[in-house]
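Student: Generate a structure from the sequence data that follows.
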Amino acid sequence: MNSKVANRSASAQSSSTRLSREDWIDAAYAAVVEGGFSAVRVLTLAEVIGVTRGSFYWHFGSQGELVDALIDRWCVQEAQRMQDFVVVRPTDPVEALMGWVDALMHSAPGSDFPHMRFGLALRAFARRNEAAALRLEEIDKKRLKVLETVFRDLTPEPARARKFAIAYYLALGGAAQFLGTGSTGQMVRAEVRTVFAEILVQAARQG
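Tutor: So this is what the prediction gives:
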């Protein structure tokens, strides 16, 4: 084997040993947070990480495979978050529901909230990628199921609890878009919290 080729091969293998599959997924995640899924480019990621593309192909067969792995990891993490919430959520349903809102409030503005920005980017990507749309639908169903369970502690009617869970989830999504711009002040965030507390949560309890 040509010595130069052998050296390049050895260098790529050395880089792949230092960089794990998770390292590449982490880099892709950061790229999505900053620029959406269109920012996940192998050459760009390699330059950011400081390695050659050979390291990438040691772990992934293509850019699409990396994107799939990134979405898979996010979905697993989100499913686990839902399970953890069910286990540790406050017994008071109002406190439990407002905990979701407070987490959103504390994470704004958007540039300081990678998790929220990734979720928004994934939803945009899912509009043009069927596989991503199906994965996102799975997570939406899990979240709605958890919310519906909490709302059933506020209203005895299952159908009504379901409607409030959907309304609450849609409102959370809208709030994420609104707060994710980073242009909202503390007063506005407080008003958003009041909308959740007085309109959605208390309305369900009064019914």
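
Student: Helix or strand: which one has the spatially most central residue of the chain?
Tutor: Among the residues of the chain, the one closest to the centroid is G119, at 3.6 Å (C-alpha atoms, centre = their mean). Assigned by DSSP states H and E, G119 belongs to helix 114-126.

Student: quick one on the thing from earlier: just give the nearest non-adjacent residue to the residue nearest to the centre of the chain, would you?
Tutor: Using C-beta to C-beta, 6 or more residues apart in numbering and skipping the chain neighbours, the partner closest in space to G119 is A176 (7.0 Å). C-betas here are computed from N, CA, C, even on glycine.

Student: Buried residues, the following helix or strand past the helix holding G119. List them.
Tutor: Counting by DSSP H and E, the next helix or strand C-terminal to helix 114-126 is helix 130-151. For helix 130-151, burial by neighbour count (16 or more other C-beta atoms under 10 Å) applies to A132, R135, L136, I139, K142, R143, V146, L147, E148, V150, F151.

Student: Packing partners of helix 130-151?
Tutor: helix 63-88, helix 93-107, helix 114-126, helix 158-179 (3 or more C-beta pairs under 8 Å, 6 or more residues apart in numbering; DSSP states H and E).

Student: the inter-axis angle of the first one versus helix 130-151?
Tutor: Okay, so that is helix 63-88. If you take axes from the mean of the first three to the mean of the last three C-alpha atoms, to 10 degrees, helix 63-88 sits at 10 degrees to helix 130-151.

Student: Which strands or helices does helix 63-88 pack on?
Tutor: Under the contact definition 3+ C-beta pairs under 8 Å, 6+ apart, helix 63-88 sits against helix 21-35, helix 114-126, helix 130-151.

Student: what's A31 in contact with, if anything?
Tutor: A39, V40, R41, T44, L45, V48 (C-beta atoms under 8 Å, 6 or more residues apart in numbering).

Student: returning to that earlier point: not counting the helix holding G119 itself, show me its contacts.
Tutor: With C-beta under 8 Å, 6+ apart, helix 114-126 has contacts from 29-30, 32-33, 36-37, 71, 74, 104, 107, 110-111, 132-133, 135-136, 173, 176-177, 179-180.

Student: Which among the helices and strands packed on helix 130-151 is found nearest to Q202?
Tutor: With C-beta to C-beta as the criterion, Q202 lies closest to helix 93-107 of the helices and strands packed on helix 130-151, at 8.0 Å.

Student: Figure out how far that closest one is from the centre of its chain.
Tutor: 17 Å (C-alpha atoms, centre = their mean, to the nearest Å).

Student: Where does the prediction get shaky in this structure?
Tutor: 1-17, 106-113, 180-185, 207 (pLDDT under 70).
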